[in-house]
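Enquirer: predicted coordinates and the sequence they were generated for:
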Amino acid sequence: MNILKILKKTVIDSQLYVSLMGTLFAVFFMKEQNTFRFPTFALIFITYFSGYLYTKYQYTKHFFKIVIVNAIAGVTCAFLIIHNHNEIRLLKWFIIVVLGLLYNSFFLDVYIRKIPLLKVFYVGLVWALVNCWLTLPEFSVPIFLISFSFITALVLPFDIRDMNSDTVKTFPMLIGVQNTKYIAYALVFISSILSIFYLELAYALAFFMSSIITYIFIYFSENKRDDTYYSFGVETCSALPFLFLLIMEYF
């Protein structure tokens, strides 16, 4: 039990886990598009990690430490882009970072997270832009739609978890838990259908199997469930396409 608590505190609560899951989701599409490079992997992971740290700790006593960490992360990301890519990718990365800041920043009077119902779509938007725009020479509409639908669906269970503590209106508050699940099911279904039409067969199959597991996690999402169910279980769903792809390739 102590080991599990340590793992939760050092890996999940530290934002390392969600950052890795988001990065592996991007790797899945990079491999499908044959654009995978380790500097890009590092760029995405550092961007996610520094962004989630900022969001979590900006109102705490650790704020100045986080600012320093984010400054170092920003310089590192810029270095990775300049030495491995081009100025266009630097601009794309900067725009995505700004979008992240607009989601939740202490210096804004109104930020995205305060706007009712918008949060789930905005998170889906930012993650989708990483997959369909940052890592590719040209914007890919199919990858955008697949990513946007899937990630938006995964954010909805977190609204179910937080429905008694959120200070802004969310879908579970307005339409109830069951109807929120229906929306999530529909979004996962849309992403699965799109993957069948636009991804290579092995990748579409990996995504389809991931969707089945995701349906199960959505189905059992309840407000009273332990946080680990969401921060580990639901969060892992974003890495499942890549993990299923590995299983099919090597086993």
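Expert: Received, thanks.

Enquirer: quick one: residue 141 from residue 122, how far?
Expert: 19 Å (C-beta to C-beta, to the nearest Å). Every C-beta, even on glycine, is put in place using the N, C-alpha and C of the backbone.

Enquirer: repeat that for residue 114.
Expert: 11 Å.

Enquirer: of the two, which one has the most company?
Expert: More crowded of residue 114 and residue 122, by other C-beta atoms under 10 Å: residue 122, with 20 against 13.

Enquirer: so what secondary structure elements neighbour the helix or strand harbouring residue 91?
Expert: Using DSSP states H and E, residue 91 maps to helix 87-103. Identification of packing neighbours for helix 87-103 by 3 or more C-beta pairs under 8 Å, 6 or more residues apart in numbering; DSSP states H and E yields helix 38-57, helix 63-84, helix 118-129.

Enquirer: if you count contacts, what does the last one end up packed against?
Expert: The contact analysis (3+ C-beta pairs under 8 Å, 6+ apart) places helix 118-129 against helix 87-103, helix 141-161.

Enquirer: in the chain, where is pLDDT below threshold?
Expert: 1-5, 7, 9 (pLDDT under 70).

Enquirer: could you rerun that using 90?
Expert: 1-15, 55-67, 84-87, 104-116, 165-168, 224, 227-228, 249-251 (pLDDT under 90).

Enquirer: now for the residue lying closest to residue 189 once chain neighbours are set aside, how many residues are close by?
Expert: Distance criterion C-beta to C-beta, 6 or more residues apart in numbering; nearest residue to residue 189, sequence neighbours excluded, is residue 211 at 7.6 Å. Residues lying near residue 211 (other C-beta under 10 Å) number 22.

Enquirer: in contact with residue 211, which residues?
Expert: 150, 188, 189, 191, 192 (C-beta atoms under 8 Å, 6 or more residues apart in numbering).
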